[in-house]
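**Q** With the input below, show me the fold.
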Amino acid sequence: RASLDLAAEPLYAMRPILFRLNIVGPDGDQQLGAAVTCDLTMPAMAMPQNRPRVTSGTQGYIGELLFTMAGAWQATFEVDAGEGRVETFVFDIERVLLN
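**A** Numbers count the residues shown, from 1 in each chain. Purely as a prediction, here's the structure:
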């Protein structure tokens, strides 16, 4: 399981938003130390590549999202835990507002 916590509400375009991705394994323990990538896209239109940096912290995976325009977005996280174990988590972000 995974959850995505965003440090702002509402969300605005062109304002950096801190995030934390929490990954919990089948045993209920928080999973740390995996290689995690993020791909931020708008499903309704083609956008330039937007891949925020993700780092592993003591409380999960952290980084900063930057939505380049208003609308609906998706944040796709690919988690490579090693030994061929790769999982993908997709989060729908329904509304980003103009500044």
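
**Q** Just give the nearest non-adjacent residue to the spatially most central residue of the chain, would you?
**A** The centre of the chain sits closest to residue 75, judged by CA atoms, centre = their mean, with a distance of 4.8 Å. Nearest in space to residue 75, with sequence neighbours left out and distances taken as CB to CB, 6 or more residues apart in numbering, is residue 91 at 4.7 Å. Placement of C-beta: from N, CA and C, glycine included.

**Q** that older thread, mind listing what the residue nearest to the centre of the chain touches?
**A** Contacts were defined as CB atoms under 8 Å, 6 or more residues apart in numbering; by that measure residue 75 touches 4, 19, 38, 39, 40, 65, 90, 91, 93.

**Q** okay, those in CSV with secondary structure, pLDDT and distance to residue 56 next?
**A** Output for these, formatted as CSV (DSSP: H, G, I helix; E, B strand; the rest coil; pLDDT from 0 to 100; distance: CB to CB, whole Å):
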residue, secondary structure, pLDDT, distance to residue 56
4, strand, 97, 15
19, strand, 97, 13
38, strand, 98, 13
39, strand, 98, 18
40, strand, 97, 19
65, strand, 97, 17
90, strand, 98, 20
91, strand, 98, 18
93, strand, 97, 22
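
**Q** Perfect, that will be all.
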